[in-house]
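Asks: From the sequence below, what's the structure:
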Amino acid sequence: MRKRFLFSMTSMLLLSVLLLAGCNSNKNAEGTGKVTLTFGTSQSGIPRTGIMQTMAKEYEQETGVKIDFQVVPDAQWRDLIKVKLASGEAPDIFNVDVDPLSMPANVRPEENAIDLTNEEFTGRMSEEILPTVSHNDKVYGVSFAPTKIWYVYYNKRIFADLGIEPPTTYAEFKAISQKIKDKDIIPFYQAPASGWYQVLPLFETGPNYEQKAAGTYEKLNNNEMKIADLTHLKTVIEQLKEFADLGYFGKDFLSNTVEAGIEAFGQEKAAMLLRVPGTEKEVSEAYPAMKDTMGFFVMPWGDNQTIGVNPGGSAAMFGNKNSKHPEEVLKFFRWITEHDHLQQVFDGGEGNLTICWPEIEPKLTQDYIDYEKNHEKGTVMQAAVKYIDPQWMDIGKDLSGMFAGAMTPDQILQNIDKRRAEQAKVLKDEKWQ
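Replies: Numbers count the residues shown, from 1 in each chain. Coordinates of the predicted model:
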């Protein structure tokens, strides 16, 4: 299984390289003299609804400038865009997942990104998102990100039929999953093939670690403790392994992708999955029978009951500083951040209930408002602890290896520490000297 997994990952990476081979060619469209801007992104970097592609066509009709989307599987994108940036072959516009800690290292904005500081639209983005797209008091990115919270969504009908309730502890989580599995339904949809999804439980529950041992984030940032010392994190990893071994992720789940999760959940083949607020809209539009049958709860790995909040946990667009068409990139950014176009992005997305533009009214329902009032909140670990987010996909590979029987939780923790030290050394972090 391990050999097949490694072969599959290698093949997908080669495919990704081919997909983006001409990303920075900047050739005119079909020899017509019209400008074509390349837009590189991961699959999850833009809405699966196709709203960005639809708006790009509208923009082309208005201006004659074509946007050529180069969409790469999530599992390969982070490594691929780093290679493209380093080689000077990045797309004219590129999407990168951002947070205040990792963006400078992942993008190296002073070398690679167009300075947007003096653009009118940067003054309209929310103050919460600006730190995730800024560096040294300059703004480099454009984001449509909601304040991201990952909940476990569940099928109320399945729960009611089995007489089970949303769990608040890991023991309860495991007990209800067994009852669901006994009915030949996948208890929890997991998607290792996308490379990043399996990592969410480890760090979205980070506020729980901080609550159980105050000062954990600070100690990690000061190199006063190792990830391997974080017993609560090890517990979560062990629980993920137990879920896999007990069959709660289903058979052959290593090949699952995030994109296929909506189908599995919507067709009631899976009873639970991790998603963000607004999932109800996306699922019910694709599967009308699911309307009003979805509930949510915080992920109970490690007995967590704290809502993990990521103020910038989504992709942001950056203009390539080395593009042959920087002015055209700026014009596109100006166009898509006009009020009516922001509203169009929001309405045409995957059902997100918020957007990082205060001028656009949020769509949070009373269920979410009440739930948040009744639970404590905290910042997710990858947005508060250095050198976690840049190795997210590497951790995903380690977890997949663990699911396949090739790694242990202790080895995963050691790998995280090793990569943190390597990244700190490259950045000459004095705490690691």
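Asks: how much space between the residue nearest the centre of the chain and G349?
Replies: For the chain, the residue nearest the mean C-alpha position is S314 (5.6 Å; C-alpha atoms, centre = their mean). Distance from S314 to G349, counting by C-beta to C-beta, to the nearest Å: 11 Å. (Each C-beta comes from the backbone N, C-alpha and C, glycine too.)
Asks: Show me whatever sits in contact with both of those two.
Replies: Common contact partners of S314 and G349 (C-beta atoms under 8 Å, 6 or more residues apart in numbering): F144.
Asks: What residues of stretch 184-193 count as buried?
Replies: 185-193 (16 or more other C-beta atoms under 10 Å).
Asks: Stretch 74-88 too?
Replies: 74-78, 80-82, 84-85.
Asks: of these, closest to E128?
Replies: R78 (23.4 Å; C-beta to C-beta).
Asks: Could you confirm the closest one falls within a helix?
Replies: Yes - under DSSP: H, G, I helix; E, B strand; the rest coil, R78 falls within a helix.
Asks: Out of the buried residues of stretch 74-88, which one has the lowest pLDDT?
Replies: In terms of pLDDT, A75 ranks lowest among the buried residues of stretch 74-88, with 84.
Asks: Surely it is in contact with S194?
Replies: Yes - A75 is in contact with S194 according to C-beta atoms under 8 Å; the separation is 6.0 Å.
Asks: measure stretch 281-300 end to end?
Replies: End-to-end span of stretch 281-300 (C-alpha to C-alpha, to the nearest Å): 24 Å.
Asks: list the buried ones in that stretch?
Replies: Buried residues in stretch 281-300, defined by neighbour count with 16+ other C-beta under 10 Å: 281-284, 287, 290, 293-300.
Asks: Next: stretch 144-156.
Replies: Neighbour-count burial for stretch 144-156 flags 144-155 (criterion: 16+ other C-beta under 10 Å).
Asks: just the strands in the stretch 51-200 of the chain please.
Replies: 66-72, 93-97, 134-135, 138-139, 141-143, 151-155, 186-189 (DSSP state E, counting those that start in this stretch).
Asks: Contacts only, for the closest residue to K234 other than its chain neighbours.
Replies: Once flanking residues are discounted, K234 sits nearest to P409: 5.4 Å by C-beta to C-beta, 6 or more residues apart in numbering. P409 is in contact with 234, 237-238, 241, 402, counting by C-beta under 8 Å, 6+ apart.
Asks: Looking at the residues you listed, which is nearest N118?
Replies: Using C-beta to C-beta, these come closest to N118 at I237, 45.5 Å.
Asks: Am I right that that closest one is in contact with F403?
Replies: No - with contacts defined as C-beta under 8 Å, I237 does not count as touching F403, sitting 10.8 Å away.
Asks: out of the buried residues of stretch 144-156, who's nearest E372?
Replies: I149 (8.3 Å).
Asks: Would you agree that closest one is in contact with P311?
Replies: No - counting by C-beta under 8 Å, I149 does not reach P311; the two are 10.5 Å apart.
Asks: From A270, how far off is the closest residue to G266 other than its chain neighbours?
Replies: Setting aside the residues directly before and after it, G266 is nearest to Y287 in space (C-beta to C-beta, 6+ apart), at 3.4 Å. Applying C-beta to C-beta, the value for Y287 to A270 is 12 Å.
Asks: Check which residues of stretch 233-243 are buried.
Replies: 233-241, 243.
Asks: Listing request: residues of the stretch 251-400 of the chain with sub-threshold pLDDT.
Replies: 312-313 (pLDDT under 70).
Asks: so how far is D99 from the closest residue to the residue nearest to the centre of the chain other than its chain neighbours?
Replies: For S314, ignoring the flanking residues on the chain, the nearest one in space by C-beta to C-beta, 6+ apart is A145 at 3.5 Å. Separation of A145 from D99 (C-beta to C-beta): 10 Å.
Asks: Could you do D137 as well?
Replies: For D137 relative to D99 (C-beta to C-beta), the value is 18 Å.
Asks: Compare these two (neighbour count), which wins?
Replies: A direct count of neighbours by other C-beta atoms under 10 Å for D137 and D99 places D99 higher, at 24 against 6.
Asks: hang on, isn't the more buried one packed against A383?
Replies: Yes - with contact defined as C-beta under 8 Å, D99 counts as touching A383 (4.5 Å).
Asks: What segments of the stretch 151-300 of the chain are helices?
Replies: Ranges of helices in the stretch 151-300 of the chain, per DSSP state H, counting those that start in this stretch, are 156-162, 170-181, 200-204, 206-212, 216-221, 231-245, 261-266, 279-286.
Asks: pull the CA atoms of the fourth one into PDB?
Replies: As requested, C-alpha coordinates have been extracted for helix 206-212 and formatted as PDB (Å, rounded to 0.1, in the frame of the first residue of the first chain):
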ATOM      1  CA  GLY A 206      -4.800  24.100  18.900                       C
ATOM      2  CA  PRO A 207      -6.800  26.400  21.300                       C
ATOM      3  CA  ASN A 208      -7.500  23.300  23.300                       C
ATOM      4  CA  TYR A 209      -3.800  22.700  23.800                       C
ATOM      5  CA  GLU A 210      -3.400  26.300  24.900                       C
ATOM      6  CA  GLN A 211      -6.300  26.000  27.400                       C
ATOM      7  CA  LYS A 212      -4.900  22.800  28.900                       C
END
